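In: No letters, just coordinates:
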């Protein structure tokens, strides 16, 4: 289906409404004038006909005609009919001339009215265009700033109420996002410090030469719990910070990051009996290297963790399609119902029908906390991309991440 060559905007619709209303009003005036003028002419023709029929007979002396003495001149019925036909033709010519001239004037003035309507509609919609432009600038800011306001002046009409409401909404969103950023900054210190202190105390107790075996076993258990809490908090903070757009972007090759993550994960894959393969083509992007590394690490960790107990495999691939960089992580594993795939990207959600068959010993964030794919989606969206997952027919998942390529920026 071919695209329309014009866009039905509010300005176009208002212009058509103005022009249509003018044409309807003009056509109504023309019809009423036509009917009224026709009645006036008919009345005049009737009067003239009656006068002609009652004209008294004239003598030859009155008319000056050369006829026999004493004769009287009579007007024949044919003359009356000819006069009536002539008057009727004159009536029709007058009405047709008036109708044609009116329609020509209506068309010309209608075009002018359309132009005037276009200008008037543009002036009336200018405040809305200002609101739209401000909203677009705020939405497209790379730093996520919400400080700009519309500050529309003029009379207190409906459009100004809309602009003031939009400004109030931006003010509340700005305060909310600022509070979130402050919370993430404070939580990074306030939450990690106590856990670091706990880890140090537990390690000191574990390494005490006088500690018996029960204390050492308890220390190892507490260290594992503390490590899990550290990973959970680190994943939550990463998830919160990645909800915002990435402001500082550097040119990087996603294939190099994927190659590094694959090399670091080879030991965990071999320990789980999973064959980790790569097919990495150059994939230049602009973004945060740390966040992108965590994105790939989470995908690889999930692929290792939820795989087959033996003869499992993982394929990590990168390529460029239509100026977009694609990262694809495909793995074998248990069959995943298609209706449960969207739940994988929600925080703290796991599939009820799957069991963790392998585990990664090098997972950096979110391991076992149900945050892996949530962080993947947040990091992808923070870079202006998206993520898509589809179950494989014989088990496992195919996860594809699309990011804007460096060439498209």
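Out: Yep, it's here. Model, not experiment: these values are computed from the prediction.
In: mean confidence for stretch 340-355?
Out: Averaging pLDDT along stretch 340-355 yields 69.
In: now the helices: where do they sit in the stretch 101-250 of the chain?
Out: Assigned by DSSP state H, counting those that start in this stretch, the stretch 101-250 of the chain shows helices spanning 158-190, 192-206, 213-241.
In: List the buried residues in the longest one.
Out: Judged by neighbour count using 16 or more other C-beta atoms under 10 Å, the buried positions of helix 158-190 are 159, 163, 166-167, 170, 174, 184. Quick note: C-beta positions are derived from backbone N, CA and C, even for glycine.
In: returning to what we had before: any chance of the helices of the stretch 101-250 of the chain in TSV, plus mean pLDDT and distance to residue 8?
Out: Listed next are the helices of the stretch 101-250 of the chain as TSV, based on pLDDT from 0 to 100; distance: least, C-beta to C-beta, whole Å:
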stretch	mean pLDDT	distance to residue 8
helix 158-190	79	21
helix 192-206	85	55
helix 213-241	77	41
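In: Going by neighbour count, list what's buried in the helix or strand in which residue 290 is found.
Out: Per DSSP states H and E: residue 290 is located in helix 289-305. Within helix 289-305, the residues that count as buried by 16+ other C-beta under 10 Å are 289, 291-305.
In: Sheet partners, orientation included, of the helix or strand that it is followed by?
Out: Going down the chain from helix 289-305, the next helix or strand is strand 312-321, by DSSP H and E. Sheet pairing here is set by DSSP bridges, and for strand 312-321 it gives strand 274-280 (parallel), strand 324-331 (antiparallel).
In: Pick the most buried one from these.
Out: With neighbours taken as mean count of other C-beta atoms under 10 Å, the strands paired with strand 312-321 reach their highest mean count in strand 324-331, at a mean of 22.
In: chain center to it, what's the gap?
Out: Relative to its chain's centre, strand 324-331 lies at 25 Å (C-alpha atoms, centre = their mean, to the nearest Å).
In: what does it contact?
Out: The contact list for strand 324-331 (C-beta atoms under 8 Å, 6 or more residues apart in numbering) reads 254, 258, 274, 283-285, 295-296, 299-300, 303-304, 306-307, 312-320, 385, 392, 396-405, 408.
In: just to revisit the earlier point, do you know which of the strands paired with strand 312-321 lies nearest residue 113?
Out: Taking C-beta to C-beta, strand 324-331 is the member of the strands paired with strand 312-321 nearest to residue 113, at 48.3 Å.
In: quick one on the thing from earlier: identify the farthest-apart pair in the buried residues of helix 289-305.
Out: Taking every pair in the buried residues of helix 289-305 and measuring C-beta to C-beta, the maximum separation is 24.0 Å, between 289 and 305.
In: lowest-pLDDT helix or strand in this protein?
Out: helix 60-63 (a mean of 50; mean pLDDT, DSSP states H and E).
In: Can you give me the domain boundaries for the chain?
Out: Domains of the chain are assigned by automatic domain parsing as 10-54+76-133, 191-241, 250-408.
In: Give me whichever of those domains is most buried.
Out: Most buried of the domains of the chain, by mean neighbour count (mean count of other C-beta under 10 Å): domain 250-408, with a mean of 19.
In: distance between that one and the chain's centre?
Out: Distance of domain 250-408 from the chain centroid (C-alpha atoms, centre = their mean) equals 27 Å.
In: Tell me the secondary structure at residue 393.
Out: Of the three states, residue 393 takes coil under DSSP: H, G, I helix; E, B strand; the rest coil.
In: related to what we said a few turns ago, just tell me which of the strands paired with strand 312-321 ends up closest to residue 120.
Out: Proximity of the strands paired with strand 312-321 to residue 120 was assessed by C-beta to C-beta; the nearest stretch is strand 324-331, lying at 43.7 Å.
In: tell me the angle that closest one makes with helix 289-305.
Out: Strand 324-331 runs at 30 degrees relative to helix 289-305, counting by axes from the mean of the first three to the mean of the last three C-alpha atoms, to 10 degrees.
In: by contact count, what packs against the helix or strand following strand 324-331?
Out: Once the chain leaves strand 324-331, the next helix or strand it forms, by DSSP H and E, is helix 372-382. Under the contact criterion of 3 or more C-beta pairs under 8 Å, 6 or more residues apart in numbering; DSSP states H and E, helix 372-382 touches helix 213-241, helix 289-305, strand 386-391, strand 397-404.
In: CSV for the ones you listed, including distance to residue 114?
Out: CSV is the format used below for these (distance: least, C-beta to C-beta, whole Å):
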stretch, distance to residue 114
helix 213-241, 54
helix 289-305, 54
strand 386-391, 44
strand 397-404, 42
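In: Nearest to residue 374, out of those?
Out: Within those, the stretch nearest residue 374 is helix 213-241; the backing value is 5.8 Å (C-beta to C-beta).
In: distance between the closest one and the chain's centre?
Out: The gap between the average C-alpha position of helix 213-241 and the chain average comes to 42 Å, counting by C-alpha atoms, centre = their mean.
In: in its sheet, what does whichever helix or strand comes after that helix sit against?
Out: Per DSSP H and E, helix 213-241 leads on to strand 250-253 as the next helix or strand towards the C-terminus. Note on strand 250-253: by DSSP bridges, its sheet partners are strand 284-287 (antiparallel).
In: what's the strand it pairs with in contact with?
Out: Applying C-beta under 8 Å, 6+ apart, the contact partners of strand 284-287 are 246, 249-254, 292, 320, 325, 383, 403-407, 409.
In: now with 7 Å?
Out: Strand 284-287 is contacted by residues 246, 249-254, 325, 383, 403, 405-406, 409 when judged by C-beta atoms under 7 Å, 6 or more residues apart in numbering.
In: Looking at the residues you listed, which is nearest residue 121?
Out: Using C-beta to C-beta, the contacts of strand 284-287 come closest to residue 121 at residue 409, 36.7 Å.
In: Let me know the pLDDT of that closest one.
Out: Residue 409 carries a pLDDT value of 56.
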